[in-house]
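Q: Requesting a structural model of the entry that follows:
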Amino acid sequence: MKIEKLKIYDLKESIIASGYPMMTDTNEYDFIKKFRTARKLGSTQKGEGHDQFLTGIRVNFDLTFTNKEWVELERYRFVEFVSSQSTMHRIANFNLKNQYNEYVDFRMIDIMEELKKQYNITKSKEDYLKLLYSNPSGFELTARLTTNYRALKNVITQRYNHRLPNWRDFCDYMLSNLPYFRELTGIELERK
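A: Below you'll find the predicted structure:
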């Protein structure tokens with residue numbers, strides 16, 4: 001698991017906007033007071049709706065995950081894909097030894113290298129499908145993703161103690177690198 005090129009947008013603006021429901025003049029505000037309001041609203045239970053302003057704090061990053069984690073990530077729909085590497089287009093061109101994580105048995109990698117070589121010789125549909133469908137779950141791809149603090153609040157509470165170490169690493173990274181995330185969401189988690 002690797003996260004790179006992390007960028008956060010509209011943090012200050014969304015904190016200020018958290019106070020809009022109680023403002024008559026949106027041009028006059030005390031940022032410290034708005035931060036206190038944002039902390040109170042952001043730390044409410046998920047599903048209450050009071051933490052809606054957190055959706056305005058956008059988070060973009062490149063994430064390298066395995067096929068196993070990509071399937072789970074897509075199921076929970078907390079991110080939008082900007083773009084990603086593609087096995088459909090590039091499986092026969094990857095340096096396969098570099099694409100697999102440490103849990104893939106070297107014998108599987110050797111088989112994949114053989115299948116890749118066979119397809120690159122024949123270019124047959126059958127050989128392509130054998131190569132594509134034989135690919136182990138430990139194959140790593142990188143994607144550019146966009147999400148927000150509210151979605152991350154939800155996924156971190158769900159995945160913090162996940163059985164797969166990459167999910168734990170993902171949560172730890174976000175908790176350590178997102179400015180004011182803990183303060184604005186009220187997240188307090190214990191590792192099991």
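
Q: all strands for this structure, in order.
A: With DSSP state E, the ranges of strands along the chain come out as 2-9, 58-66, 80-84, 140-148.

Q: so what's residue 172 up against?
A: Under the criterion of C-beta atoms under 8 Å, 6 or more residues apart in numbering, residue 172 has no contact partners. Bear in mind the C-beta positions are built from the backbone N, C-alpha and C, glycine included.

Q: Now the closest residue to residue 141 other than its chain neighbours: phi and psi?
A: Nearest non-adjacent residue to residue 141, counting by C-beta to C-beta, 6 or more residues apart in numbering: residue 85, 4.3 Å away. Here is the backbone geometry of residue 85 (degrees, to the nearest 10): phi -60, psi 160.

Q: Run through the residues that contact residue 85.
A: If you count contacts by C-beta under 8 Å, 6+ apart, residue 85 has them with 141, 142, 143.

Q: CSV please, covering those residues and showing pLDDT and distance to residue 79.
A: Rendered in CSV, the data for the contacts of residue 85 read as follows (pLDDT from 0 to 100; distance: C-beta to C-beta, whole Å):
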residue, pLDDT, distance to residue 79
141, 97, 14
142, 98, 13
143, 98, 9
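
Q: which of those residues lies closest to residue 9?
A: Nearest to residue 9 among the contacts of residue 85: residue 143, at 18.3 Å, using C-beta to C-beta.
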